[in-house]
Every structure is written in structure tokens, then in C-alpha cells.
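Undergrad: quick one, fold the following:
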Amino acid sequence: MGELRQNVFFNTYYYGRSILEFVQILVSHGVKTLVDTRSKPTSRRYEFDGQNLARSLAEHYIVYIGAPQLGCPVTLRLRARRRGDYKELWDWYTKNVLAGPLWDFIKELASYPKPVAF
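TA: From the prediction side, this is the model:
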């Protein structure tokens, strides 16, 4: 029999959720570190602003890491959504994130508690 392996990375989002629901989802999956890839960790919803989110996570022993270098510019995301064409966005992401910053960051993550959610 093969060995059961634990998931190390998760992808998540907070849209349409309360801070309590969001944190409960992370806790229920055993997430220990949350990586925030927003280029600007701000939100119209006060509780999801970077500092407030970090405080809420800390209350549940979840580490918050801001990593805007892993996100993509808002202008590209909005243009892709408006056009319904994400090729330009993915080309930019491949060239500017996947080709370097992502792998450097993953090496840094080795020292953080796992599992990790992005």
C-alpha cells in the first residue's frame, strides 16, 4: 500500500464569506500558514484588510505572510475579466512570477508551518 500523504498547499478565497467562515475553513483543513498574494492587501471589507486579517488568523495560530510579488497587477486582472480573455494575464504571470519569484518564495516557505493556503 502506498503511504498517505498530507496536502501541503491549498488555494482559497474569501469572496462572499465572513471572516469567521473563512478562518473556520482554514482551521478545518489544518492550515497553519496563509500566503496573501494580493498586490495591495486592502479590502472594502474591513476584516479582510491585511493587518486585520493577520490579527484574526493569529487568534487561531495561523501565520499570515504578505507576498504581493506572487500576485498580478490589478489592471491586468481587470482587463482580462472585461475581455473574457486571460491569455495576456497568464503570459505575464508565467514570465514575471513563475519564472523566478515563485520558486524563491517556495524555498522560503520551507521554514513555515504547513499546510499552507494561498
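
Undergrad: distance of residue 30 relative to residue 62?
TA: 10 Å (CB to CB, to the nearest Å). All C-beta atoms are positioned from the backbone trio N, CA, C, and that covers glycine.

Undergrad: can you tell me the closest non-neighbouring residue to residue 42?
TA: What sits nearest to residue 42 in space, not counting adjacent residues and going by CB to CB, 6 or more residues apart in numbering, is residue 49, at 5.6 Å.

Undergrad: wait, that neighbour touches residue 43, no?
TA: Yes: using CB atoms under 8 Å, residue 49 is in contact with residue 43, at 5.3 Å.

Undergrad: neighbours of the residue nearest to residue 42, just the number please.
TA: 15 (other CB atoms under 10 Å).

Undergrad: what are the phi and psi angles of it?
TA: phi -60, psi 140 (degrees, to the nearest 10).

Undergrad: neighbour count: residue 30 and residue 62, which is higher?
TA: residue 62 (19 against 13).

Undergrad: and the more buried one, backbone torsions?
TA: Here is the backbone geometry of residue 62 (degrees, to the nearest 10): phi -110, psi 130.

Undergrad: report the contact partners of it.
TA: Applying CB atoms under 8 Å, 6 or more residues apart in numbering to residue 62 gives the contacts 23, 26-27, 31-34.

Undergrad: give me that answer again for 10 Å
TA: If a contact means CB atoms under 10 Å, 6 or more residues apart in numbering, then residue 62 has 23, 26-27, 31-34, 53-54, 56, 113, 117 as its contacts.

Undergrad: how close does the residue lying closest to residue 40 once chain neighbours are set aside get to residue 83?
TA: In this structure, residue 40 finds its nearest non-sequential neighbour in residue 68, 7.2 Å apart by CB to CB, 6+ apart. Counting by CB to CB, the gap from residue 68 to residue 83 is 24 Å.
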